[in-house]
Every structure is written in C-alpha cells, then in structure tokens.
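Enquirer: after the sequence you'll find the predicted model.
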Amino acid sequence: AQSVTQLGSHVSVSEGALVLLRCNYSSSVPPYLFWYVQYPNQGLQLLLKYTSAATLVKGINGFEAEFKKSETSFHLTKPSAHMSDAAEYFCAVSDVGSKIIFGSGTRLSIRP
Amino acid sequence: NAGVTQTPKFQVLKTGQSMTLQCAQDMNHEYMSWYRQDPGMGLRLIHYSVGAGITDQGEVPNGYNVSRSTTEDFPLRLLSAAPSQTSVYFCASSSAQAGLVGYTFGSGTRLTVV
C-alpha cells in the first residue's frame, strides 16, 4: 500500500526566509508524487508533480521539489517566503492508477 | 469553464437523515473521486470512478454510496448520517489516469451532522 508522511503539522518561517516542507513516501512501485496547496476555505490547487522525468520539479509560485529515491523523499522548497504563501500544503502519492493518497498536511505560517 | 462544481456548499443534517452531495464537471474527465478532509488527517479517499458505470471503494467507504451514470456527474450519498460524518467533502476529477496528471478539485461541501 502506498502512503506519505509529512513531517511537521505546522511550520513557521519569517518573510524572506527559506521554506522547507518535508514529505516521505512509501510505494512498492515507482511513484508519482504531487504537492497541493489549500488556501483558507478553498479547494486544493496543484503546485507541482513528479512523473519520473526530471528529479527536480518546478511548480507555480516559485516552489520546487526534488525527488530522491534513495531517501524516499519529495521535499518542497521555496528560496524566499512571501506572506501570500501562508496556506496548508499536502503531499500526495499515486501508482498511475486513479487513486491518489494524501498526507496529513502541513500548515505554513509566515512571520512579518 | 466551470470546472468541478459541488453543491451545496454548506449543509446541516440531523443524525439518521439521508442526503446526496452533488458533483459535476464540464471537462469531459473520465476519472472522478470523493475525499473527506478532517483536521490533522489530511484528505482520505471515500470512493472513486474510472468512467461511467464503474466505481470502486477508497480508504473510508463505509456509510457512503456512489454511482456514475454519466461522465459529468458523480453524486455521493449518505444513507443515514452520523456525527462522525461531519467533515468537509471534496470532489475531484482528472482527464487521464490521475496518477499522471493529478486532480482538479471542487471548492468543497462543509457538512455538519448534529
């Protein structure tokens, strides 16, 4: 069975600081991996996805993630945080089928 | 394009009542899913469909029924609501195998069962 673990339910950084949100996955087959963002009272929006092409994936709003098979990780980063980045972020995994399994989420807060 | 439309946006039910959460998409997507979101638990898959007439169970299917008679619609039925079903429900769709392209999500239905 596939699963993802997001380390840290809440991360707080200062505006302009590096954002690092951690995600580790478990999969018996080569995985497809996703990061989604959810702003308050809204649905989920796809930030980026890894589908076995390049291991470094660039997404929207300046975010990127690196697939590391040896570490079974897919951490999300952004060099410089903006106030508008405050949201909840979800890592997700799939095995190409129609099921996508989500992690428990990380709430990102930005300090002025 | 309206995308994925969920109705209603808010609903309060009494224990034991039944209701249907509606989901419609106008993108001709074959793949559709229902998730529930609870604090600290992320999104959990309830049921999913890979095309009209085909549905399957996800992680937490008990207490919910689905059917897929058309490509556009994927309603979720609660037969006898329980307080444990208080949650935010999201419908999602995809144009191909969801694992490759990811899902497009609706804006959610916030359900309270009292």
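Expert: Right, received. Where do you want to start?
Enquirer: residue nearest the centroid of the chain?
Expert: Here I'm looking at chain A. A:W35 (3.6 Å; C-alpha atoms, centre = their mean).
Enquirer: I was thinking of chain B, sorry if that wasn't clear
Expert: Nearest residue to the geometric centre of chain B (C-alpha atoms, centre = their mean): B:W34, 2.9 Å.
Enquirer: give me the beta-bridge partners of residue 77?
Expert: Answering for chain A, as no chain was given. Counting by DSSP bridges, A:T77 forms beta bridges with A:L20, A:E64.
Enquirer: wait, chain B
Expert: Going by DSSP bridges, B:R77 forms beta bridges with B:T20, B:N65.
Enquirer: if we can go back for a sec, could you confirm the residue nearest to the centre of chain A falls within a helix?
Expert: No. Looking at A:W35 with DSSP: H, G, I helix; E, B strand; the rest coil, it is strand, so not inside a helix.
Enquirer: show me the contacts for it.
Expert: Contact analysis of A:W35 by C-beta atoms under 8 Å, 6 or more residues apart in numbering or on different chains lists A:21, A:23, A:46-49, A:59, A:63, A:65, A:74, A:76, A:89-92. From N, CA and C alone the C-beta is placed, and that goes for glycine too.
Enquirer: flag the shaky bits of chain B, pLDDT-wise.
Expert: B:1, B:98-99 (pLDDT under 70).
Enquirer: which element is the residue nearest to the centre of chain B on?
Expert: Assigned by DSSP states H and E, B:W34 belongs to strand B:31-38.
Enquirer: in that strand, what counts as buried?
Expert: Neighbour counts over strand B:31-38 (16 or more other C-beta atoms under 10 Å in any protein chain shown) mark B:Y31, B:M32, B:S33, B:W34, B:Y35, B:R36, B:Q37 as buried.
Enquirer: who are the packing partners of the strand ranked longest in chain B?
Expert: Using DSSP state E, we find that the single longest strand of chain B is strand B:42-51. Helices and strands touching strand B:42-51, by 3 or more C-beta pairs under 8 Å, 6 or more residues apart in numbering or on different chains; DSSP states H and E, are strand A:100-102, strand B:31-38, strand B:54-57, strand B:64-66.
Enquirer: out of those, nearest to A:S109?
Expert: Taking C-beta to C-beta, strand B:31-38 is the member of the helices and strands packed on strand B:42-51 nearest to A:S109, at 19.2 Å.
Enquirer: and that closest one, what does it pack against?
Expert: Counting by 3+ C-beta pairs under 8 Å, 6+ apart, the elements that strand B:31-38 packs against turn out to be strand B:19-25, strand B:42-51, strand B:87-94.
Enquirer: spatially nearest residue to the residue nearest to the centre of chain A (excluding sequence neighbours)?
Expert: Leaving out its chain neighbours, the residue that sits closest to A:W35 by C-beta to C-beta, 6 or more residues apart in numbering or on different chains is A:L47, at 4.3 Å.
Enquirer: near chain B, which residues of chain A?
Expert: A:6, A:9, A:32, A:34, A:36, A:42-46, A:49, A:51, A:90, A:94-105 (C-beta under 8 Å from any C-beta of the partner chain).
Enquirer: in ChimeraX, select just the buried ones from those residues.
Expert: To isolate the buried ones among the residues of chain A next to chain B in ChimeraX, judged by 16+ other C-beta under 10 Å, type:
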select /A:6,32,34,36,43,44,46,49,51,90,94,95,96,97,98,99,100,101,102,103,104,105
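Enquirer: right, and the helix or strand after the lowest-mean-pLDDT helix or strand in chain A?
Expert: One helix or strand of chain A scores below all others by mean pLDDT, DSSP states H and E: strand A:100-102, with a mean of 88. Following strand A:100-102 in sequence order, the next helix or strand is strand A:106-111 (DSSP H and E).
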